[in-house]
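**Q** the amino acid sequence is not available; the structure is as follows:
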Ligand SMILES: [Mg+2]
């Protein structure tokens, strides 16, 4: 029988803020989007704020009504990523089968490590203690023989807790819980199950495979196996994580975009972050896609291919503008806009020379962009920007907004993962 752990950092964003700023400890605290940018919602909260009724996703002003002394801090995604990476490197000391599930959750298959470190519960407590003492944040860990029940276990008791779901206790612990507590059962599936008179996880298991198939098709079969402890999906080795298919960024700017000039301003900022992330992950894109949503919430996506791999913000932004020019006439203003690099490939070590592109110009742009990035990394996001961004005080704000980074494992491209595997094999030999 396998031994699988699911480790979930508790209120990750808020806990990291409290670890970095001890003065916030014991005080109700929330991480919130910047108020003046129409992103004024609660992204995360700590236990104290939760006790006062603060909910993730509600407006900051609503939360402050319930909890007048709520401390609201802006998000620091790079910092949270650093903590998640550190936690993952602790997990990797107990198994190479570590699969990320969102930025702050991982499954670990520790079956092969039991002789070294003890049973699943023992390993879970070692990890729980290390996260607490080394990172000053807490984790809850579920232990079971399959991924679904391990995930259930990490949700069952938190913070700073271990829950073991065994073949002996799962009928008593898991089965009485509502169907929505089961992995992958969202609001729509919950409604369908309720309509069929199925309310608890035990109901799913006891209604049988055939019944679940009739009720929900293929999805029903998966739910039956999940609820009855027969999920046998493997935990991926961490370098086997799905390669990323695209790198994008989008925003709902502080005001609607009324013309191409408005859009250009925002696209510059978005393309800068896309190019930066491509470079960070050693990737290049061979196409660009834009995503538009107008003030009537009508959405449109259009894409365009390049004749070679591209990594500069300059080219990504120009392709986006060309698409915009061709497909949007601004009779209706845009409420939000996004741009992504698609059809990713590993970044070429040397640039392909082409007679038909402004090669020299692009290489210079690339040097300029990398230099500007270094300055920003060192002196802050606002230390250097395009002059055009300063021309509009409201839309220029987009430049300041934080970007959510992609977790490390998910960002590795297949060839990078193979390189990692080769290195690992070499060290084993
Ligand atoms: Mg969490």
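**A** That came through, no problem. Computed from a predicted structure; not experimentally measured. Residues are numbered from 1 along each chain as shown.

**Q** please count neighbours and contacts with C-alpha atoms only from this point.
**A** Noted.

**Q** low-confidence ranges in the stretch 101-250 of the chain?
**A** 241-243 (pLDDT under 70).

**Q** OK, now which residue of it is nearest to the ion?
**A** residue 104 (5.4 Å; C-alpha to the ion).

**Q** ok, that residue - contacts?
**A** 8, 9, 12, 84 (C-alpha atoms under 8 Å, 6 or more residues apart in numbering).

**Q** what's the closest non-adjacent residue to the first one?
**A** The shortest distance from residue 8 to any non-neighbouring residue, by C-alpha to C-alpha, 6 or more residues apart in numbering, is to residue 105 (4.5 Å).

**Q** now for the one you found, how many residues are close by?
**A** By the measure other C-alpha atoms under 10 Å, the count of residues near residue 105 is 23.

**Q** let the chain start at 8 from now.
**A** With 8 as the first residue, the last one maps to residue 112.

**Q** need the residues of the chain near the ion, please.
**A** Contacts of the chain with the ion, taken as C-alpha under 5 Å from the ion, map to 15, 16, 17.

**Q** hmm, residue 149 and the second one touching each other?
**A** Pointing back at residue 16 there. No. Applying C-alpha atoms under 8 Å, one finds residue 16 not in contact with residue 149, separated by 11.7 Å.

**Q** between the two, tell me which one has more neighbours.
**A** Between residue 16 and residue 149, residue 149 has the larger neighbour count (other C-alpha under 10 Å), namely 29 against 26.

**Q** what segments of the protein are strands?
**A** Secondary structure of the chain (DSSP state E): strands at 11-16, 36-39, 49-52, 78-80, 105-107, 112-116, 146-151, 169-171, 254-258, 290-301, 306-317, 341-353.

**Q** quick one: residue 30 from residue 77, how far?
**A** As judged by C-alpha to C-alpha, to the nearest Å, residue 30 and residue 77 stand 13 Å apart.

**Q** neighbour count: the two, which is higher?
**A** Between residue 30 and residue 77, counted using other C-alpha under 10 Å, the more crowded position is residue 77 (20 against 10).

**Q** where does that one fall, phi/psi-wise?
**A** Backbone dihedrals for residue 77, given as degrees, to the nearest 10, come out at phi -60, psi 130.

**Q** what residues are up against it?
**A** Counting by C-alpha under 8 Å, 6+ apart, residue 77 has contacts 34, 35, 36, 37, 56, 70, 71.

**Q** show me what contacts the fifth one?
**A** Under the criterion of C-alpha under 8 Å, 6+ apart, the neighbours of residue 56 are 34, 35, 36, 37, 74, 77.

**Q** okay, these in CSV with distance to residue 283 and pLDDT next?
**A** CSV is the format used below for the contacts of residue 56 (distance: C-alpha to C-alpha, whole Å; pLDDT from 0 to 100):
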residue, distance to residue 283, pLDDT
34, 36, 93
35, 35, 95
36, 31, 94
37, 28, 93
74, 38, 92
77, 34, 93
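
**Q** for the residues you listed, give me TSV that also has distance to residue 87.
**A** Formatted as TSV, those follow (distance: C-alpha to C-alpha, whole Å):
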residue	distance to residue 87
34	20
35	19
36	16
37	14
74	25
77	21
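
**Q** of the residues you listed, closest to residue 366?
**A** residue 37 (47.5 Å; C-alpha to C-alpha).

**Q** distance check, the residue nearest to that closest one when sequence neighbours are not counted against residue 39.
**A** Closest residue to residue 37 apart from its sequence neighbours, by C-alpha to C-alpha, 6+ apart: residue 52 at 4.1 Å. For residue 52, the distance to residue 39 (C-alpha to C-alpha) stands at 9 Å.

**Q** can you check residue 189 too?
**A** 28 Å.

**Q** what of residue 294?
**A** According to C-alpha to C-alpha, residue 294 stands 33 Å off from residue 39.

**Q** so which of those two has more stuff around it?
**A** Using other C-alpha under 10 Å, the more surrounded residue of residue 294 and residue 39 is residue 39, with 24 against 21.

**Q** hang on, the more buried one packs against residue 47?
**A** Yes. Using C-alpha under 8 Å, residue 39 is in contact with residue 47, at 6.4 Å.

**Q** the residue nearest to residue 15 reaches residue 18, doesn't it?
**A** No. With contact defined as C-alpha under 8 Å, residue 112 does not count as touching residue 18 (11.1 Å).

**Q** tell me the phi and psi of residue 102?
**A** According to degrees, to the nearest 10, residue 102 has phi -170, psi 150.

**Q** neighbours around it, how many?
**A** Neighbours of residue 102 (other C-alpha under 10 Å): 16.

**Q** show me what contacts it?
**A** Neighbour list for residue 102: 115, 116, 117, 119, 120 [criterion: C-alpha under 8 Å, 6+ apart].
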